[in-house]
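Asks: Predicted model follows, preceded by the sequence.
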Amino acid sequence: MNDNFDSINDEITPTSTNQSRISFINILKRKKFLWITIGIILVLILLSISISLPIIMTKKKNTSHTTTTTTTTMITTTIIAAAITTEELSFTSMSNNNYPKWNRNFSIVAGGNGYGNDLNQVSLPLGFYIDDDNQTIYITNYNSDRVVGWKFGEKSGKIVAGGNGPGDGFNQLEDPSDVTVDKKNDLLIICDQGNKRVVQWSRQNQTEPKIIIPEIKCNGVTIDNNGDIYVSEGETHSVKQFK
């Protein structure tokens, strides 16, 4: 009886051991397959990332480049449009004669004969006044200390104020910078800058000049229809009105 039992046990024991070995081997195979599968998946993921990243970077670069190009094109278009509009407006204005126009040609109406004190010369002409009624241009000669009247079309001028050398005498000017005309009283109003004064000279009688505004280093002078005199003064950076 016991011998039979031992025989049965001997038969069962190897069988159980074999099954355990088979199960263990199967588990190892499954784990190995699982790790291989995971490895393949990781490799595929890494390959996908390595391929996709340059494409994304390229797309970003292309997008940035496209945006820059578009912006540049828009600016260029705007500038061209503005230029075209300006030309069209200028052409329309000229064709309708709404504005005066000048050509580039010119003619010399006074001086042009070099630097000097001759009557056909002007010396540093800083200011001038055009009197259409008398067909005369009045010109200050800063370096010659005089004002000359130059008739339209003439080849030389005529001294109408100063011309007696630099000085502060009543018949003298020093560095005159500007001139205007008081037509109502037939007077020349002159910026006598070097003497820091504004003087008047009669166009009919040059022997009776008069100081009308003392102690002012004027640069420019003009007169309005009411007879008020306006003087620009560089030292005070202002324009002054004298009634």
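Replies: In hand now; what should we look at? Bear in mind that the values here come from a model prediction, so they are computed numbers and not experimental data.
Asks: got the contact list for the helix or strand where Trp201 lies?
Replies: Using DSSP states H and E, Trp201 sits in strand 197-202. By CB atoms under 8 Å, 6 or more residues apart in numbering, the surrounding residues in contact with strand 197-202 are 147, 160-161, 173, 182, 186-192, 208-216, 218, 221, 229, 231. Backbone N, C-alpha and C define where each C-beta goes, glycine included.
Asks: can you check stretch 210-220 too?
Replies: 127, 170, 177-178, 189, 191-193, 196-200, 229, 231-235, 240, 242.
Asks: Which of those residues fall in helices?
Replies: Residues of these located in helices (DSSP state H): none.
Asks: Nearest spatial neighbour of Gln193, chain-adjacent residues omitted?
Replies: Spatial nearest neighbour of Gln193, chain neighbours left out: Ser177 (4.3 Å); criterion: CB to CB, 6 or more residues apart in numbering.
Asks: I'd guess Trp48 is in a helix, am I close?
Replies: Let me fix one detail, which is that residue 48 is Ser and not Trp. Yes - counting by DSSP: H, G, I helix; E, B strand; the rest coil, Ser48 is located in a helix.
Asks: For the contacts of strand 197-202, which ChimeraX command selects only the ones that are buried?
Replies: Of the contacts of strand 197-202, the buried ones go into a single ChimeraX selection, burial set by 16 or more other CB atoms under 10 Å:
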select :147,160,161,173,187,188,189,190,191,192,209,213,216,218,221,229,231
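Asks: Mind checking which of the contacts of strand 197-202 are in strands?
Replies: 147, 160-161, 182, 187-192, 210-214, 218, 221, 229, 231 (DSSP state E).
Asks: hang on, the earlier thing: give the buried subset of the contacts of stretch 210-220 as a PyMOL selection command.
Replies: To isolate the buried ones among the contacts of stretch 210-220 in PyMOL, judged by 16+ other CB under 10 Å, type:
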select buried, resi 127+177+178+189+191+192+193+196+197+198+199+200+229+231+232+233
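Asks: The residue nearest to Gln193 and Asn141 touch, don't they?
Replies: No - Ser177 lies out of contact with Asn141 (CB atoms under 8 Å); the separation is 10.5 Å.
Asks: May I have the secondary structure class of Ile25?
Replies: helix.
Asks: Same question for Ile51.
Replies: Ile51 - assigned by three-state DSSP - is helix.
Asks: Let's see the pLDDT reported for it.
Replies: With respect to pLDDT, Ile51 scores 74.
Asks: Could you report the distance from it to Leu42?
Replies: Using CB to CB, to the nearest Å, we find Ile51 at a distance of 15 Å from Leu42.
Asks: domains for this protein, by residue range?
Replies: 1-101, 128-242 (automatic domain parsing).
Asks: And those domains, which one averages the lowest pLDDT?
Replies: The bottom spot among the domains of the chain, by mean pLDDT, belongs to domain 1-101, with a mean of 59.
Asks: is it true that Cys191 touches Gly127?
Replies: Yes - between Cys191 and Gly127 there is a contact under CB under 8 Å: 7.0 Å.
Asks: Residues that sit against both of those two, list them.
Replies: Common neighbours of Cys191 and Gly127 (CB under 8 Å, 6+ apart) are Thr140, Pro176, Ser177, Asp178, Val179, Gly220, Val221.
Asks: Take those residues and keep only those in strands.
Replies: Using DSSP E, the shared contacts of Cys191 and Gly127 in strands are Thr140, Pro176, Ser177, Asp178, Val179, Gly220, Val221.
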